[in-house]
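> A structural model of the following input is requested.
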Amino acid sequence: MVGVIIGIVVIGIGVVLLINRRKAQDKLLEIKSTQTVSAGDLYDLWKSVSDELGTRGGFRQPAEVKGTVRCEQPLTSELGKHPCVHYEMRVEERYEETYTEKDAQGNVQRKTRTGNVTVASNTQNIPFYVEDATGRVLVRPDGANIDPVQMISKYEPHANQTRLTFGGFTFNVAHPGGNRRILGYQFTEKIVPLDRPVYVLGEASDTSGELAIQKPSESGKPFIITLKSEEELTRSTESSIRMLFVGAIVCFAVGLAIVAYAAMQLGR
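Take a look at the predicted model:
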């Protein structure tokens, strides 16, 4: 019976992979079907539609823009102190601890294991502009699938300090005592920096009172902000689609084999 359950779970994983593959296919379709528009042309279209409607607040248009990240009052990332419009930081404590475990004969064994626990994390973003040769357009990044660049990935061994400082980040170290000891800390930070080429796919709308690219009002539509080129994004999405399909087929094959074998065992 346990084998049947395991097989069904594996098949279920295959179903999830197919669902994710479908989502990736929809994303790829949006990337390929949405034409890149310049900031100037997008503003001209917005003004034309607004003038025709005689009001503002009803403009919605799928939009794909490419340009350079601009912001007059950027964020400053916590760890690297980099000017940016988005950052993700994480500090993980790496530890080692001893524990006891009984073997099959009931003997108590003393073992050692290592682990990680997140002691701090933060994500921040602010509206910014995508600037091209024709002008610039505002981007409101809330709800976007943001693909930042990694700026920091550093491990610092623990030196029995009571206060840890890295860049602009500081916190008090809590010594666990007992069977656990701190080995060190892993610092990671990713950002969307200023003055970098950026690709944005979303919905151009004036619901906030001004034209901006933001999360689409229609559920399921992609909202992407990435430092990759459109070509790089297309290739990586196509690769994900292939890998998800292969993974699903493997899960179905393995799951069915497990179920068949378990059923044979039950029938004996």
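> pull out the buried positions in the lengthiest strand in the chain.
Among all segments of the chain classified by DSSP state E, the strand with the greatest residue count is strand 83-102. Neighbour counts over strand 83-102 (16 or more other C-beta atoms under 10 Å) mark Cys84, Val85, His86, Tyr87, Glu88, Met89, Arg90, Val91, Glu92, Glu93, Arg94, Tyr95 as buried. Placement of C-beta: from N, CA and C, glycine included.
> can you show me the CA trace of it as CSV?
Only the C-alpha atoms of strand 83-102 are listed here, as CSV (Å, rounded to 0.1, in the frame of the first residue of the first chain):
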residue,chain,number,x,y,z
PRO,A,83,22.4,52.5,-5.4
CYS,A,84,19.6,50.5,-6.9
VAL,A,85,15.8,50.3,-7.5
HIS,A,86,15.4,46.8,-6.1
TYR,A,87,17.4,44.6,-3.7
GLU,A,88,17.1,41.3,-2.0
MET,A,89,19.3,40.5,1.0
ARG,A,90,19.7,37.4,3.1
VAL,A,91,21.9,36.5,6.0
GLU,A,92,22.1,32.8,6.9
GLU,A,93,23.7,31.4,10.0
ARG,A,94,25.6,28.1,9.4
TYR,A,95,25.8,25.9,12.5
GLU,A,96,26.9,22.5,13.7
GLU,A,97,25.2,20.5,16.4
THR,A,98,25.6,17.1,18.0
TYR,A,99,22.6,14.8,18.6
THR,A,100,21.8,11.3,19.7
GLU,A,101,20.1,8.6,17.6
LYS,A,102,19.2,5.0,18.2
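> could you export the buried residues of strand 83-102 as JSON lines, including pLDDT?
As requested, the buried residues of strand 83-102 are exported to JSON lines (pLDDT from 0 to 100):
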{"residue": "Cys84", "pLDDT": "96"}
{"residue": "Val85", "pLDDT": "97"}
{"residue": "His86", "pLDDT": "97"}
{"residue": "Tyr87", "pLDDT": "96"}
{"residue": "Glu88", "pLDDT": "96"}
{"residue": "Met89", "pLDDT": "94"}
{"residue": "Arg90", "pLDDT": "94"}
{"residue": "Val91", "pLDDT": "92"}
{"residue": "Glu92", "pLDDT": "92"}
{"residue": "Glu93", "pLDDT": "88"}
{"residue": "Arg94", "pLDDT": "91"}
{"residue": "Tyr95", "pLDDT": "88"}
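> and the two most separated of these?
In terms of C-beta to C-beta, these reach their longest pairwise distance at Val85 and Tyr95, which sit 34.5 Å apart.
> output the below-cut-off pLDDT ranges for the protein.
The model of the chain has pLDDT under 70 over residues 1, 3, 53-57, 174-178, 265-268.
> break down it into its helices, ranges please.
Counting by DSSP state H, the chain has these helices, from start to end: 2-33, 39-53, 230-267.
> go through the ones you listed and name the closest to Tyr185.
Between Tyr185 and those, the shortest gap by C-beta to C-beta is with helix 230-267, which sits at 30.8 Å.
> and the closest one, what does it pack against?
Contacts of helix 230-267 with other secondary structure elements, assessed using 3 or more C-beta pairs under 8 Å, 6 or more residues apart in numbering; DSSP states H and E, are made with helix 2-33.
> give the buried residues for the helix it packs on.
Per 16+ other C-beta under 10 Å, helix 2-33 contains these buried residues: 3-4, 7, 10-11, 13-14, 17-18, 21, 24-25, 27-28, 30-31.
> of those residues, closest to Ser48?
Nearest member of those to Ser48, counting by C-beta to C-beta, is Glu30, at 23.8 Å.
> got a list of what the closest residue to the closest one other than its chain neighbours touches?
Taking C-beta to C-beta, 6 or more residues apart in numbering, and ignoring the residues beside it in sequence, Glu30 has Pro222 as its nearest neighbour in space, at 5.2 Å. Pro222 is in contact with Asp26, Lys27, Glu30, Ile31, Asn145, Leu201, Gly202, Pro216, counting by C-beta atoms under 8 Å, 6 or more residues apart in numbering.
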